[in-house]
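Novice: next input, structure requested:
(one chain, ligands or ions: 1)
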Amino acid sequence: MPTLNWIGKDSVVNHHYHVPFHLLKDVPDLACGKPGGGNLIVQGDNLVALKALLPYYGGQVKCIYIDPPYNTGNEGWVYNDNVNSPLIKQWLGQVVGREGDDLSRHDKWLCMMYPRLALLKQFLCPDGLIFISIDENEHRWLEAMADEIFGAQNRIETLIWKKSYGGGAKSKHIVNLHEYILLYARNIDRISEFKLPPSKEVLKYYKFEDNKVSTRGPYRLQPLATNSMDPRPNLRYSIPFEGEEIWPEKQWQWSKERALAALANDELVIKKSKGKWSVNYKQYLKDGEGTERSSKPYSIIDNIYTQQGTNEIGEIFGDGKAFNFPKPSALIAHLLQFATGKDDICLDSFGGSGTTGHAVLKLNRQDGGNRRFVLVEMDPKIAKSSTAERVRRVAQGYTAPDGTKVEGLQGGFRFCELGESLFDKDGKIRESVSFGDLARHVYFTETGEPLARERVTNSPLIGTHQGTAVFLLYNGILGDKSTNGGNVLTRQVLARLPKFDGQKVIYCAGSLLGPDRLRAERIIVRQTPYEVKVS
Ligand SMILES: C[S@@+](CC[C@H](N)C(=O)[O-])C[C@H]1O[C@@H](n2cnc3c(N)ncnc32)[C@H](O)[C@@H]1O
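Specialist: I've put the predicted structure just below:
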């Protein structure tokens with residue numbers, strides 16, 4: 001398969017492995033509602049933030065939606081749409097080095113995106129999905145790069161979002177009305193059929209009821225005759241009704257057997273008007289098992305427009321210019337509706353005005369779900385005044401500029417900033433690192449599985465994974481806080497560890513047990529800090 005190359009690529013393809021793990025620092029003043037609800041907003045560069053989030057969410061996220069800067073060359077918006085924000089410029093200088101001087105605008109953008117996408121992939125659960133919004137500026141490069149990272153075989157579709165309905169007086173040649181949303185699976189073989197529930201527009205056609213309403217719901221009428229040009233002689237037959245034989249003009253949609261069974265079951269509605277027979281069948285909202293009819297999403301999304309996103313910002317903040325070109329929450333909700341179940345986690349690492357958080361709360365309200373969101377936004381001002389503030393307002397309710405009181409959607413979030421790295425420049429664990437912080441980190445790097453916050457207890461046995469128990473002796477977890485005292489594996493310490501009959505990995509400051517004892521006890525010692533992965 002052809003692959004994409006660009007200046008700086010060699011410096012970034014493995015960069016995500018070397019990003020150091022940082023701690024997350026709660027900012028309770030910026031939180032909203034119940035902090036334990038599972039929603040989270042993080043302020044910080046998403047490269048570092050994603051690495052910090054991996055021990056909590058790696059392999060757990062069902063749906064990622066990202067809307068990165070499109071690299072339009074516009075730097076005058078609320079956010080920088082180029083790769084020219086001071087932070088990213090500095091990062092490129094450090095990572096790509098001198099070669100960075102030769103980078104074109106596209107090279108820079110690709111260098112910025114590659115390690116971030118590589119990290120995002122690690123968050124997806126086995127049946128996870130990622131949506132990436134993009135326009136014509138970087139679409140062709142992004143698709144080649146995403147094929148490389150996620151695997152071309154996992155590309156499900158490139159959706160076309162028709163974002164506006166007209167205008168474009170300034171366009172010289174073609175009026176561009178659309179952009180793209182790339183959709184990849186973590187593993188396409190794990191993805192089952194996408195299903196969308198019937199929309200309000202469709203539901204209004206289901207206005208009739210008969211005696212099957214309790215099991216099959218209301219029904220709509222659909223013509224049984226078809227104008228299909230494809231002649232199928234077995235579909236041309238007469239239906240006997242009130243002593244007459246009713247023939248289709250061309251043919252029926254169903255076989256004779258099926259039509260006669262429907263007639264006998266009172267599932268056909270046959271009428272005569274102006275001397276002409278019409279035959280309709282009852283299309284019930286639910287099938288025989290009581291499952292509601294669903295449809296599949298289309299590759300073209302054409303009834304949700306950019307203007308709606310701007311209007312939402314205007315309604316929530318009283319000023320449509322408070323954030324430039326936010327996505328409409330209906331667009332993200334549409335994607336989440338077929339990509340997520342009611343308890344899934346959704347991640348957006350280019351948070352902007354918090355549309356993804358808004359869409360998650362909205363969809364939960366609509367279907368009684370308990371989806372959770374994780375949003376990351378680099379710019380401190382945007383993170384606080386747009387991302388968090390928007391989600392707070394839609395969760396708790398707000399007053400629109402015309403005085404209408406808009407009811408809150410409920411829900412809340414924790415707000416975090418990026419704290420220090422786990423290790424100092426000499427590779428030592430920082431003193432400020434708590435037992436819980438290190439436990440989560442050690443467990444994740446040892447097993448590849450995140451350790452949920454609530455699973456960290458006051459025990460040196462931090463978890464078991466595939467028959468192996470992971471222990472951590474740190475900060476005098478057994479009560480001995482003397483320098484290295486309780487953190488060293490001795491006979492006495494071993495006797496006090498929770499019993500586990502199987503392979504044990506013990507992270508500790510040192511071990512005084514001999515190799516024979518360790519083998520007999522099935523213990524692998526990993527010495528802190530040297531054997532703790534730092535990046
Ligand atoms: C196109 S906007 C996203 C808009 C968002 N979808 C909405 O509907 O409001 C891109 C956002 O990503 C942020 N951003 C850019 N680079 C980032 C990075 N490295 N880490 C985190 N956020 C970043 C920008 O500050 C900007 O707010």
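Novice: against the ligand, how distant is the closest residue to residue 418 other than its chain neighbours?
Specialist: Among residues not flanking residue 418 along the chain, residue 44 sits closest, at 3.9 Å (C-beta to C-beta, 6 or more residues apart in numbering). In short, each C-beta sits where N, CA and C put it, glycine included. Per C-beta to the nearest ligand atom, to the nearest Å, residue 44 is found 7 Å from the ligand.
Novice: now residue 351
Specialist: Taking C-beta to the nearest ligand atom, one finds residue 351 at 6 Å from the ligand.
Novice: so which strand or helix has the nearest residue to residue 532 once chain neighbours are set aside?
Specialist: Closest residue in space to residue 532, ignoring its immediate chain neighbours: residue 442 at 6.1 Å, by C-beta to C-beta, 6+ apart. According to DSSP states H and E, residue 442 maps onto helix 435-447.
Novice: mind giving me the packing neighbours of that helix?
Specialist: Applying 3 or more C-beta pairs under 8 Å, 6 or more residues apart in numbering; DSSP states H and E, one finds that helix 435-447 contacts helix 46-57, strand 461-465, strand 468-472, strand 503-508.
Novice: redo that, cut-off 7 Å
Specialist: With contacts taken as 3 or more C-beta pairs under 7 Å, 6 or more residues apart in numbering; DSSP states H and E, helix 435-447 sits against helix 46-57, strand 461-465, strand 468-472.
Novice: spatially, what comes nearest to residue 244 if we skip its sequence neighbours?
Specialist: Nearest one to residue 244, counting by C-beta to C-beta, 6+ apart, is residue 277 at 7.6 Å.
Novice: I'd assumed residue 270 was in contact with the one you found.
Specialist: Yes. At 6.5 Å, residue 277 counts as touching residue 270 under the criterion of C-beta atoms under 7 Å.
Novice: so where does residue 65 fall, helix or strand?
Specialist: Per DSSP H and E: strand 61-66 holds residue 65.
Novice: the next helix or strand after that strand: which residues count as buried?
Specialist: Downstream of strand 61-66, the next assigned helix or strand under DSSP H and E is helix 86-96. Residues 88-89, 91-92, 95-96 are the ones in helix 86-96 that count as buried (16 or more other C-beta atoms under 10 Å).
Novice: list residues touching both of residue 277 and residue 270?
Specialist: Jointly contacting residue 277 and residue 270 under the rule C-beta atoms under 7 Å, 6 or more residues apart in numbering are residue 246.
Novice: quickly list what residue 468 is bridged to.
Specialist: residue 465, residue 503 (DSSP bridges).
Novice: so who does residue 516 touch?
Specialist: No contacts exist for residue 516 under C-beta under 7 Å, 6+ apart.
Novice: the helix or strand hosting the residue nearest to residue 244: which residues count as buried?
Specialist: Using DSSP H and E, residue 277 falls within strand 276-284. Neighbour-count burial for strand 276-284, counted by 16+ other C-beta under 10 Å, picks out 277, 279-282, 284.
Novice: kindly report the same for stretch 8-25.
Specialist: In stretch 8-25, counting by 16+ other C-beta under 10 Å, buried: 8-9, 11-12, 15-16, 19, 21-25.
Novice: now, those residues that are in strands?
Specialist: In this view, those that belong to strands under DSSP state E are 22-25.
Novice: export the residues you listed to TSV and tack on distance to residue 136 and pLDDT?
Specialist: TSV is the format used below for these (distance: C-beta to C-beta, whole Å; pLDDT from 0 to 100):
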residue	distance to residue 136	pLDDT
22	35	93
23	40	89
24	36	89
25	39	90
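Novice: let me know the closest of those to the ligand.
Specialist: residue 22 (13.5 Å; C-beta to the nearest ligand atom).
Novice: can you redo the ones in strands among the buried residues of stretch 8-25 as JSON lines with distance to the ligand?
Specialist: What follows is these, written out as JSON lines (distance: C-beta to the nearest ligand atom, whole Å):
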{"residue": "22", "distance to the ligand": "13"}
{"residue": "23", "distance to the ligand": "18"}
{"residue": "24", "distance to the ligand": "14"}
{"residue": "25", "distance to the ligand": "17"}
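Novice: for the ligand, what are the nearby residues on the stretch 201-350 of the chain?
Specialist: 323, 326-327, 350 (C-beta under 6 Å from any ligand atom).
Novice: repeat the analysis, applying 5 Å as the threshold.
Specialist: Applying C-beta under 5 Å from any ligand atom, we find that the stretch 201-350 of the chain lies next to the ligand at 326-327, 350.
Novice: redo those as a markdown table? Include secondary structure, pLDDT and distance to residue 392.
Specialist: Formatted as a markdown table, those follow (DSSP: H, G, I helix; E, B strand; the rest coil; pLDDT from 0 to 100; distance: C-beta to C-beta, whole Å):
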| residue | secondary structure | pLDDT | distance to residue 392 |
| --- | --- | --- | --- |
| 326 | coil | 97 | 16 |
| 327 | coil | 98 | 19 |
| 350 | coil | 97 | 19 |
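Novice: number of nearby residues for residue 45?
Specialist: 19 (other C-beta atoms under 10 Å).
Novice: who's in contact with stretch 202-212?
Specialist: 218-220, 266, 284-285.
Novice: and which of those is nearest the ligand?
Specialist: When the contacts of stretch 202-212 are compared for distance to the ligand (C-beta to the nearest ligand atom), residue 285 wins out at 33.4 Å.
Novice: wait, doesn't the closest one sit right on residue 215?
Specialist: No. Contact criterion C-beta under 7 Å: residue 285 and residue 215 do not qualify, at 10.7 Å.
Novice: those two: who's more crowded?
Specialist: residue 285 (18 against 12).
Novice: show me what contacts that one?
Specialist: Per C-beta under 7 Å, 6+ apart, neighbours of residue 285: 206, 217-219, 292-293.
Novice: and for residue 102?
Specialist: Contacts of residue 102 were listed using C-beta under 7 Å, 6+ apart, and they are residue 7.
Novice: where in the chain is pLDDT low?
Specialist: 35, 75-78, 100-101, 229, 483-484 (pLDDT under 70).
Novice: so who does the residue in it positioned nearest to the ligand touch?
Specialist: For the chain, the residue closest to the ligand is residue 352, as judged by C-beta to the nearest ligand atom, at 2.6 Å. By C-beta under 7 Å, 6+ apart, the contact set of residue 352 is 67, 79, 323, 326, 377, 382, 386-387.
Novice: adding neighbour count, write these out as CSV.
Specialist: Listed next are the contacts of residue 352 as CSV, based on neighbours: other C-beta atoms under 10 Å:
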residue, neighbour count
67, 23
79, 21
323, 25
326, 25
377, 27
382, 20
386, 24
387, 29
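Novice: now, which of the residues you listed sits nearest residue 431?
Specialist: Closest approach to residue 431 among the contacts of residue 352 (C-beta to C-beta): residue 377, at 29.7 Å.
Novice: gap between that closest one and residue 53?
Specialist: 13 Å (C-beta to C-beta, to the nearest Å).
Novice: what packs against the helix or strand hosting residue 392?
Specialist: Using DSSP H and E, residue 392 maps to helix 389-396. Packing contacts for helix 389-396, counted by 3+ C-beta pairs under 7 Å, 6+ apart, involve helix 306-317, helix 355-367.
Novice: and those helices, which is most packed in?
Specialist: Stretch with highest mean neighbour count among the helices and strands packed on helix 389-396: helix 355-367 (a mean of 23; mean count of other C-beta atoms under 10 Å).
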